[in-house]
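[1] dropping a prediction and its sequence here:
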Amino acid sequence: MTWRFRGKTLVAVLALTGSFAIWSAAPGRAQETGAKLGFVTELSGPASLFGEAALQAAELAVDEVNASGGVLGGDLTLAVADDATDPNIARQVWEKLVNDGVDAFVFRETSAARVAVLPVAEAANVPAIYANDYEGGDCRRILYTAGEIEPQKIAPYLEFLKQNGGTKFFVLATDYNWARITAGMVREAAPGLEIEIVGEEYTPFNTTDYGPIITKIRNSGAEVLFSGLVGGPDNVAFFKQARSAGLTQSLKVIGNIALDDSTLAAVGDAAAGTYMAASYFMTDTSEANTAFLAALESKYGGNMKAQGYLSEPAYDAVHLYALAVNKAGTTETSAVLKALSEVEFTKSPKGSIRMTPDRHAAMPIFIAEAKADGTYEVKESLGVQEAPKQCDPQPPFEKG
Amino acid sequence: MLEHALNIVTTASIFFLVSAGLLFVLSVMGVVNLAHGAFLTVGGYSGVVISQIGLNPWLSLLFAPLIGFMVGLVTELLLVRRLYNRPLDTILATWGLSIVLVQLLSTHFGRSAHFVDEIMTGMPYEVWGLYISPYKIFVVAIAVSVGLALYLALRFTDAGVVARAVVLNPELARLLGINTRVVNLITFGFGSALAAFAGSVIVPMSSVDPNMGTPWVITAFMVVLVAGFSLPALGISALLLAAAQVLATYYVAPVIGSVLVIAIPIVLLRFAPDGIVGIMKSR
């Protein structure tokens, strides 16, 4: 499945946009009440599994914001749009929402769509909060990211895998941009952690025959397999074949980096005993998460979608926006962007999430173990992980 | 080295299973059936249905070819029959049919991937430091059985004699009172059943989605192209391409492995236009 294209073509866009920061001081609207938030995600197409769950999380957050006083003395309203997991459609619906006069965007879309839509928000000077996990490095001035980024969890995760398995790592990943970038982070972090990468392999999407790869992993003498396989088909094929060939038993530890809760449910017991690192797991038994899931259950009943680290950030993003608008006392863009760098949402199901001036978020990261019934059990917390420096703070955010 | 041999034999078995039906239809009818991949997909979804109902996954090995056979019969009656002696049109028509079938499957099952219960489970056997999975034994056994059964049926049964007569000279066969229409109908149904059967063997260790047939029909086409019209040659061709894919995947990169499966036939056809059969005969 080819959702979650996390392009890094944005480097070029960055160079362009960073140079001409038209900091238009939009005239403050007098006595505004409430705010209108554009929410774009995948409600159809391959990624709709995550989009539908993200929409429920966002709607719940809007209810909660309004129940506790709303924003600027009025209601926070949500204008929802479906991008159909298609960057072209995504751009069109963003243009429409801009014309409808939304005050800001919260979006859970693929990286390909993110790169396509942000120029729309930049041209219209509308703040946008990305509610998804990605590889980091997108520094457009109107953009904040409420999801985790891989640089924030790779090093502590590798340390955990080393402690539990050994120092000889094999890296297996799906052959596309995000996975290769993530594998690059592993390669870079390895020497400092005294980890030896004994092999590296990238397989195309929808590989059906993992036989030679499994042989290669076994012959490499690896103790730990770091897997960046993406999507149900490849994870299912690999884990079933790996178990059948005895590889899952002969390796000491397998650590996943892209096997989210929903995909694990499809893989089932073949991945039992493997690990995953993420900011959020649906099966986390913390008080905050129990309350979050209970609220979703009472709002959606039988239609409630399974949450995971690819959908839950929508909930945090809506709350963070409401906090920022109330702090700024206006929906005016530069004031909201400044306030966003200073807010912290303490009632997130994952714990506490704090926005930083470089426009990414500090949040707790957890390690979970896959169980035979296709769910994760949270094993330990790596504590709050700061996002390593991604972007230069924009001039308006500098103090003094 | 033994591990490579094991991987090659397993992959070759799958290649052989996937391409046997295509070769059969091509050699008897002269029809390049590009809907072969779609029939394979139908077989995969037969496995999905069995899994969803909760029946024993072994049943999919019977259910899939049955469905494939019926779909094949209908296709022959409604489409292929009208296009005899128009090989290019048949290629287009069967490709068009595969698009229709894929869309019908997407409408009913959705575009996302489905997963099928494993037929063979259990721990691998360890022999001389080699891990042999029950699934690999199963796939190889199935391929060898299908190959032997086809070979013996063509050699020693009346139906086989009739089929070979039609292959050698359709005109003469008709003059001798063989109903070539019925032979073609059954042949196409049988080829489709083989495709669906191959689908049901593959999917328990991978996954099912509406477009899964496309890469397989290309692989099958390449295996047949390299082989030429002969069952033993098909086995050799499957082994050759599987060896290229497995070794290139291991020593170079998975992408190169996939590329070789397409590149080798192109180069080989330049020097041996009749495939392995041609090489075997010229000796």
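    Received it, and whenever you're ready, just let me know what you need.
[2] residues of the stretch 201-350 of chain A that sit close to chain B?
    Within the stretch 201-350 of chain A, the positions near chain B by Cβ under 8 Å from any Cβ of the partner chain are A:201-204, A:206-209, A:211-213, A:215-216, A:218-219, A:231-233, A:236-237, A:240-241, A:244-247, A:249-250, A:266, A:268. (Each C-beta comes from the backbone N, C-alpha and C, glycine too.)
[3] among those, name the ones in helices.
    If you go by DSSP state H, those have A:211-213, A:215-216, A:218-219, A:232-233, A:236-237, A:240-241, A:244, A:247, A:249-250, A:266 in helices.
[4] domains for chain A, by residue range?
    Following automatic domain parsing, chain A resolves into domains at A:10-21+A:32-149+A:285-363, A:154-278.
[5] possible to save those as a markdown table with distance to residue B:104?
    Formatted as a markdown table, those follow (distance: least, Cβ to Cβ, whole Å):
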| stretch | distance to residue B:104 |
| --- | --- |
| domain A:10-21+A:32-149+A:285-363 | 19 |
| domain A:154-278 | 21 |
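[6] export the ones you listed to CSV and tack on mean neighbour count?
    As requested, the domains of chain A are exported to CSV (neighbours: other Cβ atoms under 10 Å in any protein chain shown):
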stretch, mean neighbour count
domain A:10-21+A:32-149+A:285-363, 21
domain A:154-278, 21
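[7] to residue B:44, which of those lies closest?
    Closest approach to residue B:44 among those is made by domain A:154-278 (11.0 Å; Cβ to Cβ).
[8] helices along chain B, start to end?
    B:2-29, B:36-53, B:60-78, B:87-109, B:134-156, B:158-168, B:170-175, B:180-202, B:213-227, B:231-251, B:254-271, B:275-282.
[9] swap in chain A?
    A:10-19, A:48-67, A:87-99, A:111-124, A:154-164, A:177-189, A:211-219, A:232-244, A:247-250, A:261-267, A:287-300, A:313-328, A:333-340.
[10] now for those, which one comes closest to residue B:201?
    Nearest to residue B:201 among the helices of chain A is helix A:232-244 (13.9 Å), distances taken as Cβ to Cβ.
[11] out of the helices of chain A, which gets the lowest mean score?
    The weakest mean pLDDT among these belongs to helix A:10-19, with a mean of 37.
[12] wait, residue A:63 touches residue A:299, no?
    Yes: Residue A:63 lies in contact with residue A:299 (Cβ atoms under 8 Å); the separation is 7.1 Å.
[13] quick check: closest non-adjacent residue to the residue sitting nearest the centre point of chain A.
    Central residue of chain A (Cα atoms, centre = their mean): residue A:133, 1.6 Å from the mean position. In this structure, residue A:133 finds its nearest non-sequential neighbour in residue A:147, 4.5 Å apart by Cβ to Cβ, 6 or more residues apart in numbering or on different chains.
[14] how far away is the one you found from residue A:381?
    Distance, residue A:147 to residue A:381, using Cβ to Cβ, to the nearest Å: 18 Å.
[15] check residue B:255 too.
    Using Cβ to Cβ, we find residue B:255 at a distance of 39 Å from residue A:381.
[16] for residue A:6, report the pLDDT, please.
    38.
[17] try residue A:69
    Listed pLDDT for residue A:69 reads 93.
[18] what's near enough to touch residue 128?
    No chain specified, so I'll use chain A. Going by Cβ atoms under 8 Å, 6 or more residues apart in numbering or on different chains, residue A:128 touches A:104-107, A:117-118, A:121, A:142-144.
[19] correction: the question concerned chain B.
    Shown in contact with residue B:128 (Cβ under 8 Å, 6+ apart): residue B:2.
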